[in-house]
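J.: Take this sequence and fold it.
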Amino acid sequence: MNTRQLFQRHLAPTSPAPIATHIVKAEGSRLWDADGKVYIDLIGGISVCNTGHRHPAVLQAIQKQMDAYLHVMVYGETIQSPQVYYAQALCEHLPPSLDCVYFTNSGAEATEGAIKLSRRITRRTHLLSAFHSYHGNTTGALAIMGDEYWKQAFRPLMPGVTQEIYNSPQFIKAITEQTAAVFIETVQAEKGVIEPNKDWILAVRQKCTETGALLVMDEIQCGFGRTGKLWGFEHYGVIPDILLLGKALGGGLPLGAFVAAHDHMQLLAHDPVLGHITTFGGHPLSCAAGMASLQVLLEPGGIEKVEGKAQLFTKQLVHPSIRTIRHKGLLMAIELEDSEGVIRVLAKANTLGLFSDWFLFAPECIRIAPPLNIADEDIVEACRLLQLAMD
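T.: Residues are numbered from 1 along each chain as shown. Down below sits the predicted model:
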């Protein structure tokens, strides 16, 4: 069997028609396939590779840590300096109320941890989330994400969940004294980059404070400079009680986290002891890579250039097929007439050397989420190829 046949035979599928491009190399904002074809990467591993593929500083940090040790013990039971110093660095760049990090393997596991923590803090069970949100695909996360299409095959799911429309007054009304936590994406990514109305998100924060509900903000996709600021919530003057991180957190390696107040996190350590545990959460290699990637992002001229690069995309992307372009920094949705058109354009773009994708809850949109350090000339060329694919 060739590699494609082995892929189809031995790897569990996620869709009937995967992209199935055989990638053999990645560097910066470029990908290479098994035939030597080069692609401009416009999705960065779905907002994972914010500092590009194989950034030298990240590779150096991985090598240094690899020479010291890999897995030692389950998370939290031994002092592992990559975890300690990365948690410290994250907290130094967060509001004072977010000063304690629990590292997980992924964003979905961060969601699961936040569900447990919010119930433990409030002694309540009810959760509120938004339709067309994405918080992960494990069963707890599935209960608070998406819509019925994604859930119906796996019911019964976790009870006690209400969903309302993002940016709606009904969402605010649904926050009550019975609500343990309100889960929202700072920017709804999979819906095709839907920004919160500032008055709405401030009202959500206020209602949570009034009712004692915890505000959990999901920055798994829009954190780490993706929106033009280190954290998406900085755009709106709102501070969450629990912050969810993932994707770019690990600098290209698997890593997630939920962040909360130190006093609240202590509740996971007793009654029962080991109230939340993970074997590989905060793996030393992932934390070392993530720390290096964060330091690159914080260098002068890093995140500050994101909005300018986004504006270059919007200036270059002019075509009759484009209905609208929505973006928050370099998280962008290019809306076409329908999903069939998106599939057709993406297939043609792939043949032209452009790697992109669509959105779960907005299949009529093309996803643009490249490495944040993508070169301007690559942006211009990517836009040319994308417009050619639309012809």
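J.: now the helices for the protein?
T.: Taking DSSP state H, the helices of the chain run over residues 3-10, 44-47, 56-66, 81-92, 107-122, 139-144, 148-151, 169-173, 198-211, 262-265, 284-297, 306-316, 339-352, 376-390.
J.: What residue spans form the domains of this structure?
T.: Taking automatic domain parsing as the domain assignment, the ranges for the chain are 3-54+301-390, 57-297.
J.: How far does the shortest one sit from its chain's centre?
T.: Chain-centre distance of domain 3-54+301-390: 16 Å, with CA atoms, centre = their mean, to the nearest Å.
J.: what is the mean pLDDT for it?
T.: Across domain 3-54+301-390, pLDDT averages out at 95.
J.: Pick the most buried one from the domains of the chain.
T.: Each of these was scored by mean neighbour count; the highest is domain 57-297, a mean of 20, by mean count of other CB atoms under 10 Å. For glycine as for every other residue, the C-beta is placed from the backbone atoms N, C-alpha and C.
J.: how long is it from one end to the other?
T.: 11 Å (CA to CA, to the nearest Å).
J.: wait, which of the helices of the chain is closest to His235?
T.: Closest approach to His235 among the helices of the chain is made by helix 198-211 (8.2 Å; CB to CB).
J.: angle of that closest one against helix 107-122?
T.: 40 degrees (axes from the mean of the first three to the mean of the last three CA atoms, to 10 degrees).
J.: got a list of contacts for helix 198-211?
T.: If you take CB atoms under 8 Å, 6 or more residues apart in numbering as the criterion, helix 198-211 is touched by 167-168, 171-172, 175-177, 179, 182, 184, 213-215, 236-239, 241.
J.: and Asn167, how far is that from Leu274?
T.: 39 Å (CB to CB, to the nearest Å).
J.: Could you do Gln221 as well?
T.: Gln221 is 30 Å from Leu274, by CB to CB.
J.: Same question for Ala292.
T.: 31 Å.
J.: next one: Ile303
T.: Between Ile303 and Leu274 the computed distance is 37 Å (CB to CB).
J.: any idea which residue sits dead centre in the chain?
T.: Gln221 (2.2 Å; CA atoms, centre = their mean).
J.: Wait, that residue touches Lys328, no?
T.: No - between Gln221 and Lys328 there is no contact under CB atoms under 8 Å: 10.4 Å.
J.: what touches both of those two?
T.: Val187.
J.: Can you give me the distance of Ile366 to Gly212?
T.: 42 Å.
J.: no, scratch that, I was asking about Asn2
T.: 59 Å.
J.: before we move on, what about His10?
T.: 50 Å.
J.: roughly how far apart are Trp200 and His270?
T.: From Trp200 to His270 the distance is 38 Å (CB to CB).
J.: circling back: can I get the helices of the chain in JSON lines with distance to Gly160?
T.: Putting the helices of the chain into JSON lines (distance: least, CB to CB, whole Å) gives the following:
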{"stretch": "helix 3-10", "distance to Gly160": "39"}
{"stretch": "helix 44-47", "distance to Gly160": "29"}
{"stretch": "helix 56-66", "distance to Gly160": "41"}
{"stretch": "helix 81-92", "distance to Gly160": "30"}
{"stretch": "helix 107-122", "distance to Gly160": "9"}
{"stretch": "helix 139-144", "distance to Gly160": "9"}
{"stretch": "helix 148-151", "distance to Gly160": "15"}
{"stretch": "helix 169-173", "distance to Gly160": "17"}
{"stretch": "helix 198-211", "distance to Gly160": "16"}
{"stretch": "helix 262-265", "distance to Gly160": "20"}
{"stretch": "helix 284-297", "distance to Gly160": "32"}
{"stretch": "helix 306-316", "distance to Gly160": "38"}
{"stretch": "helix 339-352", "distance to Gly160": "33"}
{"stretch": "helix 376-390", "distance to Gly160": "44"}
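J.: Go through these and name the closest to Ala189.
T.: So among those, helix 44-47 is nearest, using CB to CB, at 7.7 Å.
J.: Thought Leu285 was touching Leu253, still the case?
T.: Yes - with contact defined as CB under 8 Å, Leu253 reaches Leu285; the gap is 5.9 Å.
J.: Identify the contacts common to these two.
T.: By CB under 8 Å, 6+ apart, the residues touching both Leu253 and Leu285 are Ile62.
J.: pLDDT score assigned to Ala108?
T.: 97.
J.: same deal with the one 10 residues further on?
T.: Residue-level confidence at Ser118 comes out at 98, pLDDT.
J.: what's near enough to touch it?
T.: 127, 180-181, 214, 216, 242.
J.: Take those residues and write them to JSON lines, including pLDDT and distance to Val48.
T.: Listed next are the contacts of Ser118 as JSON lines, based on pLDDT from 0 to 100; distance: CB to CB, whole Å:
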{"residue": "Leu127", "pLDDT": "98", "distance to Val48": "27"}
{"residue": "Ala180", "pLDDT": "98", "distance to Val48": "30"}
{"residue": "Ala181", "pLDDT": "98", "distance to Val48": "26"}
{"residue": "Leu214", "pLDDT": "98", "distance to Val48": "27"}
{"residue": "Val216", "pLDDT": "98", "distance to Val48": "21"}
{"residue": "Ile242", "pLDDT": "98", "distance to Val48": "22"}
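J.: Tell me how far the nearest residue to Arg124 once chain neighbours are set aside lies from Ala213.
T.: Among residues not flanking Arg124 along the chain, Ala180 sits closest, at 3.8 Å (CB to CB, 6 or more residues apart in numbering). Distance, Ala180 to Ala213, by CB to CB: 7 Å.
J.: Which residues are in contact with each of these two?
T.: Looking at what touches both Ala180 and Ala213 (by CB under 8 Å, 6+ apart), the common residues are 122, 124.
J.: And Trp200, how far from Leu128?
T.: Counting by CB to CB, the gap from Trp200 to Leu128 is 14 Å.
J.: Please apply the same query to Val296.
T.: For Val296, the distance to Leu128 - CB to CB - is 36 Å.
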